[in-house]
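1. Okay, structure incoming, though there's no sequence with it:
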DNA sequence: CTTTAATAGACGACTGGTCATATATTTGAA
DNA sequence: TTCAAATATATGACCAGTCGTCTATTAAAG
C-alpha cells in the first residue's frame, strides 16, 4: 500500500541520516537523541519507525550492505575481467572509497559494530556476520575461479588466503583510524598485490 | 614514600578489577559504576584514585601493555633463538594466549578501544598509538635482524610486511569475536607461517 | 465518525562527576 | 612516650544532565 511505501521511505531517510553517526561514534556512543536530531524528526517518531535502537542498528547494517557493498560486489562479478583481475579491482575500489569518499575516517560500519558489541549483542552479531559471510563467500568463489583459470597456483589454499586477506583489510582499517593515515590501507593493498601477483 | 606506594597499589587493584570490563564491554559500554562495583569500592574512591573515566582507560591501557605485551616482547627478545624463530614464537604465543587464556573472547584491549573511540578521543588514541608503535618497532627490528641473518629474502620490504601481518592479526581478532571461533586466528598464523617460511 | 499515522513529553533508570563529612594515618613538638 | 595538629584516605548522598523507551494525545485520512 501507499502508506507502507511512505513509511519505508521515511524510515530509510532516518537511516540515511543516522547511519553516519552510528558509523563514526559507534553503538554505545550514539544516542537516539543524536539520531532524531540528525534526521530532524521528533523523538517520539523514532519509535514509530523503529522498534528500538538495536533494531535501528540492524537496519542500518542492512542499508550499509546495500549502499556500500553492492557496488563493490558488482565489480567483483563483472565478467568483463578475469577472476583475478576482478579480485584486485575489488580491493582497489575499497581503498579508493575509503580514501576519497571517507577521508580515511570511520572505517567499516559492520566491522566497527562487530568489534564493539558482537560479544554483548547477539542480534547485531548475527546481522554483521551475515554480511561478512556473504562477502567472503563471493570473494572465495571468484578466487576459486581464478585458480581454475590458472591465475592462482593450484597449491594455494584459496579459502584460507582470501579469509586472511579480508581480515588484513579489517585490521588495516583500525590502524588507519588510529594513525589518521592512508598508509595502512595502501600498505595492505601493496602486500596483497605482491601476494596475488607473484 | 610509603603512602604513595599504597596509593599506587590500590589504584592498580582497581585497574586490575576494572580492566576486564573495559576490555569486554568497551569504553562507552563500561560505566564508572560497573568499575567500582567490580572493584568493590565506593564511588567516591574512584575519583580519589583516577581523575576521570578517560584517565582510568589510559592507565588501563598502560597496565595492559605491562601485563599482556611485556611477556610477549620478552619472547621476541630472547637471544636463545634466531630472529625469525623469535618472530614466529611471538605470533604463536599470542594465539595461544587468546585461545587458552581468553577463550577466543575480548580480543585486544588496545585494538578495541582504538576502534571504538580513537576518532572521538585524542588522548586515548595517543595512548593506544604509543603501544602499537612500540610493539611494531620491536617486531620490525627483529625482522630486519632476520633479514640480515639471511632468514628472510633481501628483496622483501620488511617494514611493510610486518605492518601488514600485524594488521592481519588485528583483523583476525575481530573475526574471531564475530564468529566466536578460533579459526580466524589459527588461519592467520597458518598464512603468516607460510609467508615467512617459504 | 472511525481508524491509523504521527508526535510531544514524561518516565524511571542511569550517566560521569562532586562534595561535605568522617575516619585513619603520619608527623613533629613537648 | 604522649598527644594534638596535619595530612591522607574513605564514604555515599547528591548533582544536573542524558539514556532508551513508552504512553497519552493530536493530526490526518478514509
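-> Received it, and whenever you're ready, just let me know what you need. Values in this document were obtained by computation on a predicted structure and should not be read as measured data.

2. what element comes up after the least confident helix or strand in chain A by mean pLDDT heading to the C-terminus?
-> Between all helices and strands in chain A, the lowest mean by mean pLDDT, DSSP states H and E belongs to helix A:2-25, at a mean of 87. On the C-terminal side of helix A:2-25, the closest following helix or strand by DSSP states H and E is helix A:32-39.

3. Are that following helix and DNA strand C in contact anywhere?
-> No. Applying Cβ under 7 Å from any atom of the strand, one finds that helix A:32-39 is not in contact with DNA strand C, the shortest distance being 9.0 Å. C-beta coordinates here come from the backbone N, C-alpha and C atoms, glycine included.

4. quick check, that helix touching DNA strand D?
-> Yes. Residues of helix A:32-39 are located near DNA strand D by Cβ under 7 Å from any atom of the strand, namely A:32-34.

5. Say whether chain B is contacted by that helix.
-> No. With Cβ under 8 Å from any Cβ of the partner chain as the threshold, helix A:32-39 lies outside contact range of chain B, at a closest distance of 12.2 Å.

6. Return the set of buried residues in stretch A:73-80.
-> Buried residues in stretch A:73-80, counted by 16 or more other Cβ atoms under 10 Å in any protein chain shown: A:73, A:75-76.

7. out of those, who's near DNA strand C?
-> Among those, no residue is within reach of DNA strand C (Cβ under 7 Å from any atom of the strand).

8. How about chain A: which residue is closest to DNA strand D?
-> Of all residues in chain A, residue A:31 sits closest to DNA strand D, with a separation of 2.9 Å (Cβ to the nearest atom of the strand).

9. Can you get me a residue count around that residue?
-> As a burial measure, the neighbour count of residue A:31 was computed by other Cβ atoms under 10 Å in any protein chain shown and equals 12.

10. Equivalent analysis for residue A:59, please.
-> Here the neighbour count serves as a burial measure; for residue A:59 (other Cβ under 10 Å) it reads 20.

11. Likewise for the one 4 residues further on?
-> Burial measure for residue A:63: 17 neighbouring residues, criterion other Cβ under 10 Å.

12. got it, and residue A:133?
-> For residue A:133, the neighbour count with other Cβ under 10 Å is 12.

13. And DNA strand D, is the helix or strand hosting it touching that?
-> Using DSSP H and E, the secondary-structure element containing residue A:133 is helix A:122-148. No. Judged by Cβ under 7 Å from any atom of the strand, helix A:122-148 stays clear of DNA strand D, getting no closer than 11.5 Å.

14. Would you mind listing the buried residues in stretch A:182-195?
-> Of the residues in stretch A:182-195, those buried under the neighbour-count criterion (16+ other Cβ under 10 Å) are A:184-185, A:187-192, A:195.

15. if we take these, which one ends up nearest to residue A:56?
-> Within the buried residues of stretch A:182-195, proximity to residue A:56 (Cβ to Cβ) peaks at residue A:185, which comes in at 28.5 Å.

16. Can you pull the residues of chain A lying near DNA strand C?
-> Counting by Cβ under 7 Å from any atom of the strand, chain A comes close to DNA strand C at A:3, A:6-7, A:10, A:41-45, A:47-48.

17. Provide the secondary structure category for the closest residue to residue A:129 other than its chain neighbours.
-> If the residues on either side of it in the chain are set aside, residue A:129 comes closest to residue B:178, at 5.6 Å by Cβ to Cβ, 6 or more residues apart in numbering or on different chains. When the structure is split into helix, strand and coil by DSSP: H, G, I helix; E, B strand; the rest coil, residue B:178 lands in helix.

18. what's near enough to touch residue B:178?
-> The neighbourhood of residue B:178, defined by Cβ atoms under 8 Å, 6 or more residues apart in numbering or on different chains, consists of A:114, A:118, A:125, A:128-129, A:132.

19. By neighbours, which of these wins?
-> Among these, residue A:128 has more neighbours than the rest - 28 neighbours, counting by other Cβ under 10 Å.
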